[in-house]
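Chemist: I'd like to go over a predicted model; first the sequence, then the structure.
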Amino acid sequence: MEDNNRNLILAMVLSMLVVLVWYSFFAPEPPPPAPVDETVQTETGAPATPAAPVTSGNAVTGGAAVAASDDVSATAARISIDSPSLEGSLSLAGGRIDDLLLKNYRETLDESSPDVRVLTPTVANQLNPNDPGLAGQKPYYVIYGWSPVAGADPSLVPGTGTVWEVESGDTLGPDSPVTLRWDNGAGQIFRRHYTLDDKFLFTVTQSVENTSDTPFEAAPYGIIARHGQPDTQNFFVLHEGMVAMTDGELMETKYKKMPDFDPVAGDGRAEIIDVAESGWIGFTDKYWMTTLAPVSGQPFRAVAKYTEGLDIYQTETRFPVITVAAGASASSESYLFAGAKEWETIRGYEQDPGIQRFVDSIDWGWFYFLTKPIFRLLHWLNGFLGNMGWSIIALTFILKALVFPLARKSYVSMARMRELQPQMEALKERVGDDRAKMQQEMMALYKKEKVNPAAGCLPILIQIPIFFSLYKVIFVTLELRHAPWIGWIRDLSAPDPSSILNLFGLLPYAAPARDSMIGIISLSVMAIILGISMWLQQKLNPAPADPTQKMIFAWMPWVFMFMLGGFASGLVLYWITNNVITILQQYTIMSMHGSPPNLFGNIRDSVRPKKKKE
């Protein structure tokens with residue numbers, strides 16, 4: 001029995017160690033202060049290699065920053081964007097896509113909450129002067145253009161501040177493309193053709209018609225610019241920042257690391273990679289993403305850079321110089337993803353139009369070999385059951401079935417250990433206090449009876465990577481965001497909002513915030529159920545005889561209740577379901593081998609004080 005208790009203690013200590021490590025290294029940092037509303041905004045364009053810098057009416061010109069009120073985009077006309085998934089507008093100043101909201105996603109669960117904003121123009125309040133919230137939004141936009149070759153006149157190509165005219169279309173949406181036109185007056189006519197599907201993929205075709213009698217050279221580019229570091233969750237296990245795929249290699253750099261890029265002549269601090277065949281580059285938030293994706297097979301230069309002083313983060317796709325013969329035309333096509341990181345949608349774009357490994361833009365983490373299949377199974381279950389909460393419960397049953405052979409071996413071993421108790425007691429009487437002799441005799445007994453005392457730890461060891469992988473899935477994937485289960489559980493990616501401090505909503509005041517000092521004792525319904533399930537699981541085995549071990553065991557379920565109760569409710573639901581299945585499995589298997597757990601007797605012994613021997 002002593003070895004059985006030792007194994008159980010080891011399993012519990014391992015579990016506690018996992019949680020302590022989690023809180024020590026993975027706990028989220030306090031949220032950053034709210035951004036300061038800047039009255040002066042600046043932007044930069046494409047760098048000098050292989051093309052000259054691009055500027056705009058809002059860029060650094062002659063060493064001075066132009067005020068946002070002088071930005072040409074503040075007065076330029078706009079083209080509406082309207083699709084089943086997106087709404088917003090693009091500015092004729094530079095033809096920039098800089099106003100984009102997600103129709104099907106709100107900031108909070110409140111029905112009056114505004115739609116999630118993906119892109120914001122440099123002069124945000126021009127969109128709706130009566131909306132003070134827009135004034136505090138940091139500019140975040142996408143620009144396309146052409147860079148002149150070295151020594152050429154930069155005024156012959158459209159820049160980020162060039163005001164285009166509409167050639168066709170008045171609203172950009174599915175089956176309603178828009179084409180912009182700009183004539184440089186020197187024989188070259190530039191066009192930009194936009195199409196948009198019913199989700200989040202723009203196709204942007206840049207073309208130039210050379211009506212002059214001499215060849216014309218220029219290099220197309222695409223830029224995603226983000227002014228200032230966005231408000232991120234600063235969570236260790238979550239990547240937010242630059243993300244890229246370059247010929248099959250995934251690259252990730254957090255925003256705070258981009259200022260540490262090596263200085264590159266003409267580019268400030270930058271990371272530059274020449275891509276031979278296929279790839280993409282952009283910025284990712286937890287649930288949203290903006291990505292430039294050239295056509296598969298198109299070589300390009302992927303650039304991630306940070307502009308010091310201006311505090312601008314950029315990702316760029318630069319294409320080779322195109323030579324357009326006299327009387328000829330040339331074009332360059334690429335894709336822009338701007339929207340929600342829906343797994344099914346992104347996987348669809350990976351297949352058509354063939355954006356390489358696009359599904360890896362979702363942050364699957366270190367255990368990607370587990371998180372990917374776990375999510376796919378969860379997604380399939382949700383499609384079948386229609387509810388993420390019940391899908392998590394079904395997923396738990398499937399995962400427990402997969403590890404059942406090891407669990408069965410563990411419980412059988414525990415039953416066999418219990419059968420050996422009379423022999424163990426006799427062994428103790430025979431060897432006395434000789435610990436070395438006792439250990440030697442015990443190992444001989446285990447070998448003879450074919451019992452593995454460490455088998456009880458195997459299910460716990462397997463549960464650790466599964467737990468972390470499921471946590472990653474619930475925390476990162478968009479499909480769990482605002483996903484309801486039953487009753488008051490309206491968001492499985494957030495903690496259970498109920499609280500014992502207001503009697504779970506019966507008292508007429510709100511529960512304290514979980515990050516407050518009193519929030520740690522604000523136990524939710526699911527946290528209490530979690531603690532009870534862990535306590536019942538513990539009572540399948542007798543309490544250790546050692547007083548210290550007994551005290552640790554007595555407190556363990558309730559410590560876990562406080563520590564894990566504030567996790568995402570989807571993860572707590574998994575843990576509760578896992579505990580219940582474990583209790584049923586252990587009770588059934590040990591009973592089948594003639595050693596049923598004395599559950600009610602162990603509970604009675606734990607609450608009834610022992611009588612002192614007279």
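Modeler: Thanks, I have it. Numbers count the residues shown, from 1 in each chain.
Chemist: CA atoms for contacts and neighbours, from now on please.
Modeler: Noted.
Chemist: show me what contacts Arg318?
Modeler: Arg318 sits next to 219-222, 300-303 when contact means Cα atoms under 8 Å, 6 or more residues apart in numbering.
Chemist: can you redo the residues you listed as CSV with distance to Thr211, pLDDT and neighbour count?
Modeler: Output for the contacts of Arg318, formatted as CSV (distance: Cα to Cα, whole Å; pLDDT from 0 to 100; neighbours: other Cα atoms under 10 Å):
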residue, distance to Thr211, pLDDT, neighbour count
Ala219, 18, 96, 20
Pro220, 19, 96, 23
Tyr221, 22, 96, 23
Gly222, 25, 96, 24
Phe300, 27, 97, 23
Arg301, 29, 96, 18
Ala302, 31, 97, 23
Val303, 32, 97, 22
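Chemist: Tell me the one among the residues you listed nearest to Gln229.
Modeler: Proximity of these to Gln229 (Cα to Cα) peaks at Val303, which lies at 17.7 Å.
Chemist: Quick check: the gap between the closest one and Thr246.
Modeler: Relative to Thr246, Val303 is positioned 11 Å away (Cα to Cα, to the nearest Å).
Chemist: Could you pick out which of the contacts of Arg318 are located in helices?
Modeler: Among these, no member falls in helices (DSSP state H).
Chemist: so can I have JSON lines of these showing distance to Leu406?
Modeler: Rendered in JSON lines, the data for these read as follows (distance: Cα to Cα, whole Å):
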{"residue": "Ala219", "distance to Leu406": "61"}
{"residue": "Pro220", "distance to Leu406": "58"}
{"residue": "Tyr221", "distance to Leu406": "56"}
{"residue": "Gly222", "distance to Leu406": "53"}
{"residue": "Phe300", "distance to Leu406": "50"}
{"residue": "Arg301", "distance to Leu406": "50"}
{"residue": "Ala302", "distance to Leu406": "48"}
{"residue": "Val303", "distance to Leu406": "49"}
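Chemist: Which of the residues you listed sits closest to Gln585?
Modeler: Ala302 (53.5 Å).
Chemist: Let me see the contact set for that closest one.
Modeler: 246, 272-275, 280-281, 315-318.
Chemist: re earlier: so for Val303 and Thr246, which residues contact both of them?
Modeler: By Cα under 8 Å, 6+ apart, Val303 and Thr246 have these common neighbours: Ile273.
Chemist: Tell me the confidence at Gly88?
Modeler: Listed pLDDT for Gly88 reads 95.
Chemist: For it, list the residues it contacts.
Modeler: Listed by Cα under 8 Å, 6+ apart, the contact set of Gly88 reads 80-82, 99-101.
Chemist: In strands, which of these fall?
Modeler: Within the contacts of Gly88, residues falling in strands by DSSP state E are 80-82, 99-101.
Chemist: Of these, just say which sits nearest to Thr171.
Modeler: Checking the ones in strands among the contacts of Gly88 against Thr171 by Cα to Cα gives Ser80 as the nearest, at 4.8 Å.
Chemist: Model confidence score at the closest one, please.
Modeler: 96.
Chemist: Would you mind stating the distance between it and Thr205?
Modeler: According to Cα to Cα, Ser80 stands 18 Å off from Thr205.
Chemist: picking up where we left off before, and the contacts of Arg318, which is closest to Ala326?
Modeler: Proximity of the contacts of Arg318 to Ala326 (Cα to Cα) peaks at Ala219, which lies at 16.8 Å.
Chemist: does the closest one have beta-bridge partners, and which?
Modeler: Beta-bridge partners recorded for Ala219 (DSSP bridges): Ser147.
Chemist: Look up how far Phe300 lies from it.
Modeler: In terms of Cα to Cα, Ala219 sits 11 Å off from Phe300.
Chemist: got any residues that touch both of these two?
Modeler: Counting by Cα under 8 Å, 6+ apart, the shared contacts of Ala219 and Phe300 are 318-320.
Chemist: List just the nearest of those to Ile521.
Modeler: Nearest to Ile521 among the shared contacts of Ala219 and Phe300: Arg318, at 54.3 Å, using Cα to Cα.
Chemist: if I pick the closest residue to that closest one other than its chain neighbours, what's in contact with it?
Modeler: Using Cα to Cα, 6 or more residues apart in numbering and skipping residues adjacent in sequence, the residue nearest Arg318 is Tyr221, 4.6 Å away. Listed by Cα under 8 Å, 6+ apart, the contact set of Tyr221 reads 46, 144-147, 316-319.
Chemist: do that again at 7 Å, thanks
Modeler: If a contact means Cα atoms under 7 Å, 6 or more residues apart in numbering, then Tyr221 has 144-146, 317-319 as its contacts.
Chemist: neighbour-wise, which of those leads?
Modeler: Within those, most neighbours by other Cα atoms under 10 Å means Trp146, with 29 neighbours.
Chemist: does Ser296 sit in a helix or strand, and which one?
Modeler: Using DSSP states H and E, Ser296 is not contained in any helix or strand.
Chemist: scratch that, Glu87
Modeler: strand 86-91.
Chemist: Quickly run through the sheet partners of that strand, with directions.
Modeler: Strand 86-91 has its sheet partners listed here by DSSP bridges as strand 78-82 (antiparallel), strand 97-106 (antiparallel).
Chemist: Dump the ones you listed to CSV, plus distance to Ile532 and mean neighbour count.
Modeler: As requested, these are exported to CSV (distance: least, Cα to Cα, whole Å; neighbours: other Cα atoms under 10 Å):
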stretch, distance to Ile532, mean neighbour count
strand 78-82, 51, 20
strand 97-106, 35, 21
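Chemist: Could you export those as a markdown table, including distance to Leu402?
Modeler: A markdown table is the format used below for the strands paired with strand 86-91 (distance: least, Cα to Cα, whole Å):
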| stretch | distance to Leu402 |
| --- | --- |
| strand 78-82 | 46 |
| strand 97-106 | 36 |
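Chemist: Compare the ones you listed and give me the one nearest Phe467.
Modeler: Smallest distance to Phe467 across the strands paired with strand 86-91 (Cα to Cα): 28.0 Å, for strand 97-106.
Chemist: The stretch 51-200 of the chain: strands as residue ranges?
Modeler: Under the criterion DSSP state E, counting those that start in this stretch, the stretch 51-200 of the chain contains strands at 60-61, 64-65, 78-82, 86-91, 97-106, 115-119, 140-148, 165-168, 171-172, 178-183, 188-196.
Chemist: is the closest residue to Met258 other than its chain neighbours in a bridge, and if so with what?
Modeler: In space, and not counting its chain neighbours, Met258 is closest to Tyr306: 6.0 Å by Cα to Cα, 6+ apart. For Tyr306, the beta-bridge partners under DSSP bridges are Arg269, Tyr313.
Chemist: Kindly state the pLDDT recorded for Tyr306?
Modeler: Listed pLDDT for Tyr306 reads 95.
Chemist: For Asp267, see how far away it is.
Modeler: Distance from Tyr306 to Asp267, counting by Cα to Cα: 8 Å.
Chemist: Now do the helices in the protein.
Modeler: So, for the chain - with DSSP H - the helices run 2-21, 132-135, 343-351, 368-385, 388-402, 404-419, 421-431, 435-449, 458-476, 525-538, 547-564, 569-592, 599-607.
Chemist: Compare those helices and say which comes out lowest on pLDDT.
Modeler: Lowest mean pLDDT of the helices of the chain: helix 2-21, a mean of 45.
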